[in-house]
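**Q** Structure of the sequence below:
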Amino acid sequence: MSRPVFHDSLLSSAAWRVRAALAIKGIETDTRRYEIIGKPHRTAAFMALNPQGTVPVLEIDGLTITQSLSILEYLEETCPGPPLLPKDAEGRARVRTLSYIIAMETHVVTNMDVAMHAAQGDDTRLGAWQNHYFCRGLDAFEALLAHPATGTFCHGDVPGMADCCLVPQMRNVLRIGMDAAQWPRLARIADHAADNPAFAQTHPDQLATTP
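**A** Residues are numbered from 1 along each chain as shown. Below you'll find the predicted structure:
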C-alpha cells in the first residue's frame with residue numbers, strides 16, 4: 001500500500017491540525033508543502049485535486065479528502081488508536097463541540113482572506129474584525145473548559161481533536177498580538193502542548209528550520 005500524501009502549508013493553522021493528528025496516530029506521509037500567500041499553489045493540477053484551492057488535503061486509501069475535520073474524522077474511523085475522540089458518546093459530543101467552535105466559528109471568520117475582505121483594505125478595521133471574532137470564539141471555549149472532563153488537555157490528559165484545533169489557533173492569537181493571558185485555561189493547555197511531541201515536532205517554527 002502506498003504512503004498517504006499530505007498537502008500542507010506552514011502558514012495554515014488548519015494544516016497544523018492535521019499534522020498534529022497524524023503525529024498523534026503515528027501515521028507517516030509523503031508531504032508536499034506549499035506557499036499560500038498570493039495563492040501561487042492554485043495551479044490547474046492543485047485545483048483539480050481540491051476545487052476549493054485550500055490546504056490541507058490528504059490523499060489516503062485511494063481517496064482525496066479535503067477539510068481538516070473531515071480528515072481527522074476519517075483518521076479516527078480508520079486508525080482508532082491513539083484516539084482523537086473519547087469512547088463515550090457524551091465525551092465525543094463535547095470534543096466535537098470544542099473543535100467546531102474553532103474550526104467553524106472562529107478560525108473561518110478570522111482567516112486572513114475573510115478578514116481582509118471584510119476590512120476592505122482598512123488595517124484598523126481588519127484588527128477590530130479579528131479581535132472581535134477571536135474573543136467571541138475563545139471566550140466560549142474558555143467557559144466550556146470549566147468542566148470536570150478538562151484535564152491537562154481539553155478532554156482528559158491526552159491530546160485529541162479539540163487540542164488539534166485549539167493549539168494552532170492559540171498561535172494565531174499570539175501572531176496578531178493578542179494577550180493569551182485573558183484565556184488562562186486555553187493558555188495553560190497550549191503551554192502544556194508545547195512539550196508534547198505531536199505539537200512540538202509539527203510546529204511551523206520547528207518545521208521551518210528543518211532541512
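
**Q** C-alpha coordinates for the least confident helix or strand in the chain by mean pLDDT, CSV please?
**A** Ranked by mean pLDDT, DSSP states H and E, the helix or strand of the chain with the weakest confidence is helix 112-119, at a mean of 72. Output in CSV follows, covering the C-alpha atoms of helix 112-119 (Å, rounded to 0.1, in the frame of the first residue of the first chain):
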residue,chain,number,x,y,z
MET,A,112,-6.8,36.3,6.6
ASP,A,113,-8.8,36.0,3.3
VAL,A,114,-12.1,36.5,5.0
ALA,A,115,-10.9,39.2,7.4
MET,A,116,-9.2,41.2,4.7
HIS,A,117,-12.3,41.1,2.5
ALA,A,118,-14.4,42.3,5.4
ALA,A,119,-12.0,45.1,6.3
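
**Q** And that helix, how far out from the chain middle?
**A** 19 Å (CA atoms, centre = their mean, to the nearest Å).

**Q** Equivalent analysis for stretch 101-109, please.
**A** Distance, centroid of stretch 101-109 to centroid of chain: 10 Å (CA atoms, centre = their mean).

**Q** Could you do stretch 159-174 as well?
**A** That offset, for stretch 159-174, works out to 6 Å (CA atoms, centre = their mean).

**Q** Stretch 67-83 now?
**A** Using CA atoms, centre = their mean, the offset of stretch 67-83 from its chain centre is 13 Å.

**Q** my read is R17 is in a strand, agree?
**A** No. Read with DSSP: H, G, I helix; E, B strand; the rest coil, R17 is helix and lies in no strand.

**Q** residues contacting it?
**A** 56, 68-69, 72, 103, 164-165, 168 (CB atoms under 8 Å, 6 or more residues apart in numbering). In short, each C-beta sits where N, CA and C put it, glycine included.

**Q** For it, give its distance to L207.
**A** Distance, R17 to L207, using CB to CB, to the nearest Å: 14 Å.

**Q** Let me see the domain layout of this structure.
**A** 5-82, 89-199 (automatic domain parsing).

**Q** Lowest average confidence across these, which one?
**A** Comparing mean pLDDT across the domains of the chain, the weakest is domain 89-199, with a mean of 92.

**Q** Just give me the closest of the contacts of R17 to T43.
**A** T43 lies nearest to P56 out of the contacts of R17, by CB to CB, at 16.7 Å.

**Q** Now that the closest one has come up, it's in contact with I71, right?
**A** Yes. Between P56 and I71 a contact is recorded at 6.4 Å, counting by CB atoms under 8 Å.

**Q** Next, show the common contact partners of those two.
**A** V18.

**Q** what is the orientation angle of the longest helix along the chain with helix 112-119?
**A** Longest helix of the chain, by residue count under DSSP state H: helix 123-144. Interaxial angle of helix 123-144 relative to helix 112-119 (axes from the mean of the first three to the mean of the last three CA atoms, to 10 degrees): 120 degrees.

**Q** May I see the buried residues of the helix or strand that helix 123-144 is followed by?
**A** With elements assigned by DSSP states H and E, the helix or strand that comes after helix 123-144 is helix 161-175. Buried residues in helix 161-175, counted by 16 or more other CB atoms under 10 Å: 161-173.
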